[in-house]
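Student: Please work out how this folds:
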Amino acid sequence: MRSRDLALIIVAFLGIAGGVFLPDMAGIFSPATVYMMMAILYLAFLRIDFAGLIRLNKADLGEMVWWSIIKLFLLPIALWYLFRWLAPGWALPVLLLSGVSAGVTAPFFSQMLGGNAGRTLQLTVLTSVVVPLTLPALVKLLAGAEINIPFTHMARMLAQVILVPLVLAWLTLRFIPALADALGKVQFALVLASFFFINLGVFASFSTFFFSQAEQVLAAAGIACGLAVLYLGVVWIAGPISGWRMDLISCGSGLIFINNVLIVVFAANFFGPRNPLLAALYLLPLYVMLLPLRVVADRQKRAAARGDKP
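Tutor: The predicted structure follows:
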């Protein structure tokens, strides 16, 4: 797993560098970004036990609902008001990034940290199904007085990007299991390639911005790193607050490893450059968060050994 993580980090940053420094070549992939994102979602959903999604016991379902409320409502609303006070110009980009669903990479990181990848996938599915309604609604309610928000258009785009791969994955598993098995054998290579070309296409659009608006880029990078730390802080304090009974790694991973690339695609269609820029630069601290999450995982294991966690 460690070598795969290293490969993913290297490939991702090569794609970022290629987009920034070779925009003419990389720009060829920009129109296909949304479809490559859908491909990653499709490949991730192929790992889901769809029947298991309805076999959650009451306690597990309650915890997943609670994490979903934190992810889709409490955290983005709190950060919206925080940035309305600290940096109003960045409040909407922060709201969009913080209010998106748990990411398709979250189960991979969860598994590497010793969590339950299946549980993380369930959280990803739950938040992904709900976010086409919650995120446009939050933007409309909180920022609608200042911006003309095409609510139905936004919801339709999010539904397309998330629900179409979900349905296709279910149909594949149900009717063409051999194809699912074949794709599973090359899944990681396909995901690597998809991330590389997504980053090429995304950052090609920001190449000129990187060199002409360096202050904005640095500000976005700083905010992205700060948000990653705040997301981690929520997971960190959830341990002692819950008596180490919450599944910090399996579910908490969904707060940190998020669908920021989806927001890059989404925001680029509706808002100014700050919004997709912040979401794109969240890739910088994303993988670094793996290190402090290891500490959280170790603390939870020690708590379980002491009998603090059932």
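Student: which residues in this structure form strands?
Tutor: Under the criterion DSSP state E, the chain carries no strands.
Student: mind showing which ranges of it have poor pLDDT?
Tutor: For the chain, the stretches flagged by pLDDT under 70 are 1-2, 5, 52-56, 145-155, 158, 244, 268-269, 304-310.
Student: Can you pull up the most central residue in it?
Tutor: The chain has Ile258 as the residue nearest its centroid, 1.5 Å off, counting by C-alpha atoms, centre = their mean.
Student: distance of the closest residue in space to that residue that isn't next to it in sequence from Phe109?
Tutor: In space, and not counting its chain neighbours, Ile258 is closest to Gly103: 4.6 Å by C-beta to C-beta, 6 or more residues apart in numbering. In short, each C-beta sits where N, CA and C put it, glycine included. As defined by C-beta to C-beta, to the nearest Å, Gly103 lies at a distance of 9 Å from Phe109.
Student: just to revisit the earlier point, dump the residue contacts of the residue nearest to the centre of the chain.
Tutor: Leu97, Val100, Ser101, Ala102, Gly103, Ala106, Tyr231, Tyr282 (C-beta atoms under 8 Å, 6 or more residues apart in numbering).
Student: can you do 7 Å?
Tutor: For Ile258, the contacting residues are Val100, Ala102, Gly103, by C-beta atoms under 7 Å, 6 or more residues apart in numbering.
Student: Now those in JSON lines, please, with extra columns for distance to Gly201 and neighbour count.
Tutor: Shown next, in JSON lines, are these (distance: C-beta to C-beta, whole Å; neighbours: other C-beta atoms under 10 Å):
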{"residue": "Val100", "distance to Gly201": "19", "neighbour count": "27"}
{"residue": "Ala102", "distance to Gly201": "23", "neighbour count": "31"}
{"residue": "Gly103", "distance to Gly201": "18", "neighbour count": "27"}
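Student: would CSV of those residues with distance to Met36 be doable?
Tutor: Shown next, in CSV, are these (distance: C-beta to C-beta, whole Å):
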residue, distance to Met36
Val100, 17
Ala102, 19
Gly103, 15
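Student: Let me know the closest of the residues you listed to Ala137.
Tutor: The closest of those to Ala137 turns out to be Val100 (C-beta to C-beta; 13.4 Å).
Student: Surely the closest one and Ile263 touch.
Tutor: Yes. With contacts counted by C-beta atoms under 7 Å, Val100 reaches Ile263, the gap being 5.1 Å.
Student: overlap in contacts of those two?
Tutor: By C-beta under 7 Å, 6+ apart, no residue touches both Val100 and Ile263.
Student: nearest residue to Val288 other than its sequence neighbours?
Tutor: According to C-beta to C-beta, 6+ apart, the nearest residue to Val288 is Ala228 (7.5 Å).
Student: Was I right to think that neighbour contacts Met289?
Tutor: Yes. Ala228 is within contact range of Met289, at 5.4 Å (criterion: C-beta under 7 Å).
Student: Overlap in contacts, those two.
Tutor: By C-beta under 7 Å, 6+ apart, the residues touching both Ala228 and Met289 are Ile256.
Student: With only the CA atoms kept, save stretch 75-83 in PDB.
Tutor: What follows is stretch 75-83, C-alpha atoms only, in PDB (Å, rounded to 0.1, in the frame of the first residue of the first chain):
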ATOM      1  CA  LEU A  75     -18.800  21.800   9.000                       C
ATOM      2  CA  PRO A  76     -19.600  23.800   5.800                       C
ATOM      3  CA  ILE A  77     -22.000  26.100   7.600                       C
ATOM      4  CA  ALA A  78     -19.600  26.800  10.400                       C
ATOM      5  CA  LEU A  79     -16.700  27.400   8.000                       C
ATOM      6  CA  TRP A  80     -18.900  29.700   5.800                       C
ATOM      7  CA  TYR A  81     -19.600  32.000   8.800                       C
ATOM      8  CA  LEU A  82     -15.900  31.800   9.900                       C
ATOM      9  CA  PHE A  83     -14.700  32.900   6.500                       C
END
